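Enquirer: Have a look at this prediction, sequence included:
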Amino acid sequence: MAMRSIVIGAGIIGTCTALRLAQSGVQVTLIEANLPGDGTTGTSFAWLNAGAKRLREYYELNVAGMEAHRRLLAELPDAPWYVQTGNLEWRATPEAQERLFKQVERLQGIGYPAKLLTPAQVVKDLEPDLMIESSVEGIAYYPEESHIYPKLFLTHLLRAAQSLGVELHTRTKVVDFEMSGNQVSGVVLESGTHLKADVVVCCAGRWTEKLLSQVGVYLPLISPEEPESEAIGLLVLTSEICATVQRVVHAPGVNIRPDGPSRLLLHSGKFDRQISLQTPLSPPPQTAEEVLSNARKFVRNLETARVESAIRAIRALPQDELSVVGWTPGVEGLYVMVTHAGVTLAPALAEMAAREINGTPEKMLATFRPDRFQPQVSG
Ligand SMILES: Cc1cc2nc3c(=O)[nH]c(=O)nc-3n(C[C@H](O)[C@H](O)[C@H](O)COP(=O)(O)OP(=O)(O)OC[C@H]3O[C@@H](n4cnc5c(N)ncnc54)[C@H](O)[C@@H]3O)c2cc1C
C-alpha cells in the first residue's frame with residue numbers, strides 16, 4: 001500500500017513538496033488554513049538568486065534551488081510564472097562600488113554567472129528606461145537570476161499535483177497532531193476531524209514554531225512582534241507606469257521588479273524597520289511613498305505613478321536565518337521544512353524532502369537540520 005502523507009500548508013514549500021511526493025508514489029493530502037499563497041508566498045519579492053548568500057552550504061542550496069526551478073519549467077512547459085531576465089545591481093559610493101566589483105570577481109571565481117557592464121551598455125541593450133548616475137562605473141549583471149509570479153506558480157503546480165491525485169483541502173486548519181507514543185499518526189483539524197497518515201510534513205511557514213511546540217519540538221523563528229523585527233518587510237506596488245523594467249534591479253536604496261507588464265513591485269530593506277504589525281497600510285503610509293520616491297530617481301516617467309498598495313510581508317525567518325529541513329528530533333514521522341528565501345529554494349527542498357521521506361538521506365541538507373536548535377542537556 002502507498003505511504004500516506006499529510007502536508008500542512010499550501011505555500012510554495014508545501015505545494016512543491018506535495019507535487020514531488022505524489023510523483024514519487026506517496027499519497028498526499030495537502031491542508032491549507034486559508035487559500036494557497038495566502039501566507040508569505042503571496043507577498044514575496046520572489047527573486048530567484050544565490051549570489052547574495054555568503055555561507056558556502058547555503059549558497060549551494062540556493063544554486064540547487066535555481067536549477068530545480070529550471071527542471072520544473074522543463075516538466076510544465078509554457079510556464080507563465082517564470083521571468084528569466086536576470087538581475088542588475090549598482091551602488092552609489094566609490095567604496096560600495098569597489099565591494100560590488102569584488103563580489104562579481106568572487107562569484108565568477110566560483111562559476112556563478114556574473115559580469116560587469118557599463119551604464120551605457122545597460123541602457124542601450126537591456127533597460128532603456130533606467131536612469132543611472134554618471135558616477136556609476138560599473139553595473140553587476142547576473143543573467144541567470146530571475147523572478148517568478150508566486151501565485152501563478154502555485155496555480156500551475158497545484159493543477160499538476162491534483163492531476164496526480166493530491167487532495168487539497170483549503171480553509172481547513174490543523175490544530176494538533178495525533179500521536180501513538182512518540183510517533184505522529186495523523187493530524188487533528190479545527191473541525192474536530194482526525195486524519196490519519198504515516199508521515200506528516202509541516203510546511204506551515206511562519207506558523208511553524210507554534211504548531212510544532214505542541215509536540216515539544218523547539219524551532220525558534222524571529223517574531224514579527226519584536227520591536228524593529230527583521231521578520232517584517234514592506235512591499236510597494238505602483239499604479240500603471242509609462243516605462244518598462246524587465247529585470248530585477250537593485251539600485252541604491254531600492255529594489256525594483258516588474259509586476260506584470262505595466263506595474264512595479266518595490267522593496268527597500270532600509271524602510272522595512274519603519275513598519276510594524278500595527279502600522280496602518282491604507283491609506284499607504286509615508287514610508288511607502290518614500291520607497292516610491294527612491295524608485296523615481298532610477299526609472300523614467302515615475303513622476304505621476306502612485307502607491308497602489310503597501311503590503312506588509314512577514315518572513316518565515318529561523319533564528320539563525322538558515323533553512324530548517326528534516327525529521328524533527330524526538331518525534332517519529334514528522335518532517336519539517338521552514339526557510340527564508342523559500343521562493344528560490346522550494347523546488348530543490350521539495351525534491352530533497354521527497355527523497356528523504358522515501359528513505360534516502362540528502363547530504364546537502366546536513367547543515368540545515370532541525371536538531372541544531374534543541375536545548376543541549378548538560379552533564
Ligand atoms: C518582503 C519579503 C521579500 C521576500 N523576497 C524573497 C525573494 O526575493 N526571494 C526568495 O527566494 N524569497 C523571498 N522571500 C521569502 C519567501 O517569500 C518565503 O521564504 C516563502 O514564501 C515561504 O514559503 P512557505 O511555503 O514556507 O510559507 P507560506 O507561504 O507562509 O505558507 C505556509 C502556509 O501554511 C498555512 N498554514 C499555517 N498554519 C497552518 C495550519 N495550522 N493548518 C493549515 N495550514 C496552515 C498558511 O496559511 C500558509 O499558506 C521574501 C519574503 C518577504 C516577506
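Expert: Here it is on my side, so go on. Keep in mind that this is a model prediction, so the values were computed, not measured. Residues are numbered from 1 along each chain as shown.

Enquirer: Please make it C-alpha for all contacts and neighbour counts, starting now.
Expert: Will do.

Enquirer: Could you list the low-confidence segments of this protein?
Expert: Flagging of the chain using pLDDT under 70 yields the residue ranges 376-379.

Enquirer: could you redo the last one with a cut-off of 90?
Expert: For the chain, residues meeting the criterion pLDDT under 90 lie at 1, 77-78, 270, 374-379.

Enquirer: So if we follow the domain assignment, how does it break up?
Expert: 4-63+150-222+319-373, 83-144+225-314 (automatic domain parsing).

Enquirer: With L76 as the reference, name the closest of these.
Expert: domain 4-63+150-222+319-373 (8.1 Å; CA to CA).

Enquirer: do the closest one and the ligand meet at all?
Expert: Yes - counting by CA under 6 Å from any ligand atom, contacts between domain 4-63+150-222+319-373 and the ligand involve 8-14, 31-34, 36-41, 44-48, 173-175, 203-207, 338-344.

Enquirer: Buried deepest among the domains of the chain, which one?
Expert: Highest mean neighbour count of those: domain 4-63+150-222+319-373, a mean of 20 (counted as mean count of other CA atoms under 10 Å).

Enquirer: so how far is that domain off the chain centroid?
Expert: 13 Å (CA atoms, centre = their mean, to the nearest Å).

Enquirer: how long is it from one end to the other?
Expert: Domain 4-63+150-222+319-373 has an end-to-end distance of 28 Å (CA to CA, to the nearest Å).

Enquirer: Pull the residues that contact the strand or helix carrying F101.
Expert: For F101, the host element (DSSP states H and E) is helix 94-109. Residues outside helix 94-109 that contact it (CA atoms under 8 Å, 6 or more residues apart in numbering): G51, W90, R91, P113, A114, K115, L116, V136, E137, G138, A140.

Enquirer: Equivalent analysis for stretch 238-245, please.
Expert: By CA under 8 Å, 6+ apart, stretch 238-245 touches 127-130, 257-258, 261-266, 292, 299-302, 305-309.

Enquirer: one more time with 6 Å, if that's ok
Expert: Residues from elsewhere that reach stretch 238-245, judged by CA atoms under 6 Å, 6 or more residues apart in numbering: P258, S262, R263, L264, A305, R306, V307, E308.

Enquirer: which among those residues gets closest to the ligand?
Expert: Within the contacts of stretch 238-245, proximity to the ligand (CA to the nearest ligand atom) peaks at P258, which comes in at 12.6 Å.

Enquirer: can you give me phi and psi for the nearest residue to that closest one once chain neighbours are set aside?
Expert: In this structure, P258 finds its nearest non-sequential neighbour in L264, 4.5 Å apart by CA to CA, 6 or more residues apart in numbering. Note on L264: backbone dihedrals following degrees, to the nearest 10 are phi -120, psi 150.

Enquirer: pretty sure L264 contacts V249?
Expert: No - judged on CA atoms under 6 Å, L264 makes no contact with V249 at a distance of 10.8 Å.

Enquirer: coming back round to it: go through the contacts of stretch 238-245 and name the one nearest G333.
Expert: Distances from G333 to these, taken as CA to CA, are shortest for P258 (41.5 Å).

Enquirer: The closest one against H267, yeah?
Expert: No - using CA under 6 Å, P258 makes no contact with H267, being 11.8 Å away.

Enquirer: Test my guess that G86 contacts E144.
Expert: Yes - look at G86 against E144 with CA under 6 Å: they come within range, at 5.5 Å.

Enquirer: can you pull out the strands in the stretch 1-150 of the chain?
Expert: Secondary structure of the stretch 1-150 of the chain (DSSP state E, counting those that start in this stretch): strands located at 4-8, 27-31, 47-48, 82-83, 87-89, 115-117, 139-142, 146-148.

Enquirer: show me the contacts for A18.
Expert: No contacts exist for A18 under CA under 6 Å, 6+ apart.

Enquirer: one more time with 8 Å
Expert: V7, V28, T29, L30, A161, V166, A350.

Enquirer: if we can go back for a sec, the residue nearest to P258 contacts L237, correct?
Expert: Yes - L264 lies in contact with L237 (CA atoms under 8 Å); the separation is 5.9 Å.

Enquirer: ok now stretch 222-232, how far from the chain's centre?
Expert: 17 Å.
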